[in-house]
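S.K.: Structure for this input, please:
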Amino acid sequence: MTEALPPIPSASLPVSARAPGKCIVFGEHAVVHGAPELVFAIDLETQVLVRAAPATVLNGDSAAARSNPYFARALASVWADGPPIDVRAVSRIPRAAGLGSSAAFVAALTAALGAATGGIDRPTLARRSFQIERGAQGVGSPGDTTAVVGGGFLAINGGPGEPLWTVEDGPRRWDVRRVEDPGWVWVVAHSGIPRSTADAVRAVGERLARPDGPRLLAQFREVAEAGLRAVGRADRAEVASLLARNQELLREVGVSHPRLEELLRAAAPAAEGAKLTGAGAGGSIVALPVPGKETELVRRIARAGGLPFVVRPSPTGAALVEAAPDA
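M.R.: Residues are numbered from 1 along each chain as shown. The predicted model follows:
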């Protein structure tokens, strides 16, 4: 039986919570259509502080409860009958970069509000976070919110063992399982090209609806399943080969971008394997460095105009942190 993750305990305002970003290794886009995905939480974080206030604001913006769809839906889902609050959010995760900035904000805020309303268990936090992000974007899968809530390496619709939890959205169902961390260092790099998750997901959905769509989806599935097995046995060479194959498929469904391709070419001499990560059409890449060449990889990407980060998996997902004094 898979060990249950600890719940978010009850806490009084002011309360602060944090959540990590995420990196998809295999299976983005195809997971929306039921194929497996391998994702891990990265040690770039978003933190929120929630305090009682005369009016509800987000980072000083009194209109955010109407204009920010993630904030508005979180309030409606978790804080519908709550008093006014002042929410301050800070983040090290680049926005619109495919590294989970919206998922981390949603999970951290939902954890904080859940704590202030008596606590929230981990599966409920994961499901509510997905519902909030899904409602704000209109499309998507629970991979991002699953990673930032669960921490570490996680498999969606794949992997051995009992599920940590299951997320459902109409007829679609995703089972979440723990995957052992192989202990590797990774490099993620933002291209500087913002992307829209919703637009990319819709475009891939249209591409997979063509006559050859089932063939492509089957290939995405095969790569993700093989990737889960390779990571499970810490087979770097196989993972590197599968990263390249996954990138070929992402090119074929039209979500690569010239800037992403430039970063991949720049990374190649110091990376065992690399691909785009996230929705694509901009956003970021993920690279598995050649051992000992992490610094060279970072420099190559930076010289090519990317914003690189050396990351390790964050072992814990969304959690409370010590709240600042109510000043």
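
S.K.: make it CA atoms for all contacts and neighbour counts henceforth
M.R.: Will do.

S.K.: Number of residues surrounding residue 60?
M.R.: For residue 60, the neighbour count with other Cα atoms under 10 Å is 11.

S.K.: Tell me how far it lies from residue 196.
M.R.: 25 Å (Cα to Cα, to the nearest Å).

S.K.: low-confidence ranges in this protein?
M.R.: Across the chain, residues meeting the criterion (pLDDT under 70) sit at 1-3, 323-327.

S.K.: Could you chop it up by domain?
M.R.: Domain ranges of the chain: 15-181+314-321, 186-311, per automatic domain parsing.

S.K.: I'd like those laid out as CSV, including distance to residue 7.
M.R.: Putting the domains of the chain into CSV (distance: least, Cα to Cα, whole Å) gives the following:
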stretch, distance to residue 7
domain 15-181+314-321, 4
domain 186-311, 26
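
S.K.: Need the winner for burial among these.
M.R.: Among the domains of the chain, ranked by average contacts under mean count of other Cα atoms under 10 Å, first place goes to domain 15-181+314-321 (a mean of 22).

S.K.: and that one, how far apart are its ends?
M.R.: Domain 15-181+314-321: ends 8 Å apart by Cα to Cα.

S.K.: ok, now stretch 270-287?
M.R.: Stretch 270-287 end-to-end distance (Cα to Cα) = 9 Å.

S.K.: Same question for stretch 86-100.
M.R.: For stretch 86-100, the first-to-last residue distance is 23 Å (Cα to Cα).

S.K.: The domains of the chain: which one's closest to residue 5?
M.R.: Nearest to residue 5 among the domains of the chain is domain 15-181+314-321 (6.4 Å), distances taken as Cα to Cα.

S.K.: So which residues of the chain form strands?
M.R.: 15-26, 37-52, 57-58, 85-91, 153-156, 165-169, 172-179, 186-190, 271-277, 284-289, 307-311, 319-321 (DSSP state E).

S.K.: could you redo the ones you listed as a markdown table and give each row distance to residue 210?
M.R.: Listed next are the strands of the chain as a markdown table, based on distance: least, Cα to Cα, whole Å:
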| stretch | distance to residue 210 |
| --- | --- |
| strand 15-26 | 22 |
| strand 37-52 | 22 |
| strand 57-58 | 43 |
| strand 85-91 | 39 |
| strand 153-156 | 25 |
| strand 165-169 | 24 |
| strand 172-179 | 21 |
| strand 186-190 | 31 |
| strand 271-277 | 23 |
| strand 284-289 | 27 |
| strand 307-311 | 35 |
| strand 319-321 | 42 |
